[in-house]
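S.K.: mind folding the following:
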Amino acid sequence: MNSKSALGALLVVLGGIVVLNFIGVNLGWIIGLLMPFILIGLGVLGLKNDKKIIGGILIVVGAIMLLGKLAGIFTLLLAIGLIVWGVSVFKGARRA
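M.R.: Residues are numbered from 1 along each chain as shown. Model (predicted):
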C-alpha cells in the first residue's frame, strides 16, 4: 500500500466515523480503547527501525493509557484472588 492509498483509506475511515457520529452512533469508546494499542504498535515499529527513544516513549505512554483503561478488570481480578485466598485460608484452618 503506497502513501496515497493509505491516506485515502484514512480519510474514508475518518469520514465514516464523522457520519456515524452525525446519525447518532458514537464510537468514541472504541477509539479510546484502540488508541493505547496503536501507540504500542507504533512504538514497536519505532524500535524495529532503530528509533529507540521515540519507540520507548510511545510504548510507555501506550502502556500507561492501557493500564488506565483496564484498571476495572485488574481490580476485579484482585477481588477474585482475595476471595480465593480467603476460602483457602478457611479450609486450611478447619483441617488443623
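
S.K.: quick one, phi psi at Ile23?
M.R.: phi -90, psi 0 (degrees, to the nearest 10).

S.K.: any idea of the pLDDT on it?
M.R.: We have a pLDDT of 89 for Ile23.

S.K.: quick one: it from Gly56, how far?
M.R.: Per CB to CB, to the nearest Å, Ile23 is found 41 Å from Gly56. In short, each C-beta sits where N, CA and C put it, glycine included.

S.K.: do Met65 as well
M.R.: 15 Å.

S.K.: with neighbour numbers in mind, choose between the two.
M.R.: Remark: of Met65 and Gly56, Met65 carries more neighbours, 18 against 13, as counted by other CB atoms under 10 Å.

S.K.: show me the contacts for Leu82.
M.R.: Residues counted as contacts of Leu82 (CB atoms under 8 Å, 6 or more residues apart in numbering): none.

S.K.: list the buried ones in stretch 22-36?
M.R.: Pro36 (16 or more other CB atoms under 10 Å).

S.K.: buried residues in the helix or strand of the chain with the lowest mean pLDDT, which are they?
M.R.: Least confident helix or strand, the chain: helix 3-22 with a mean of 81, by mean pLDDT, DSSP states H and E. For helix 3-22, the buried set under the neighbour-count rule, 16+ other CB under 10 Å, comprises Ile17.

S.K.: where along this protein do the helices fall?
M.R.: Ranges of helices within the chain are 3-22, 28-48, 52-69, 71-95, based on DSSP state H.

S.K.: and those, which one's lowest on average pLDDT?
M.R.: Of all those, the minimum mean pLDDT falls on helix 3-22 (a mean of 81).

S.K.: can you tell me which residues contact Val60?
M.R.: Gly43.

S.K.: where's it relative to Leu39, distance?
M.R.: Per CB to CB, Val60 is found 9 Å from Leu39.

S.K.: and Leu45, what does it touch?
M.R.: Taking CB under 8 Å, 6+ apart, we find Leu45 in contact with Gly55.

S.K.: can you tell me how far it sits from Gly55?
M.R.: According to CB to CB, Leu45 stands 7 Å off from Gly55.

S.K.: try Val87
M.R.: Noted for Val87: a distance of 44 Å to Gly55, by CB to CB.
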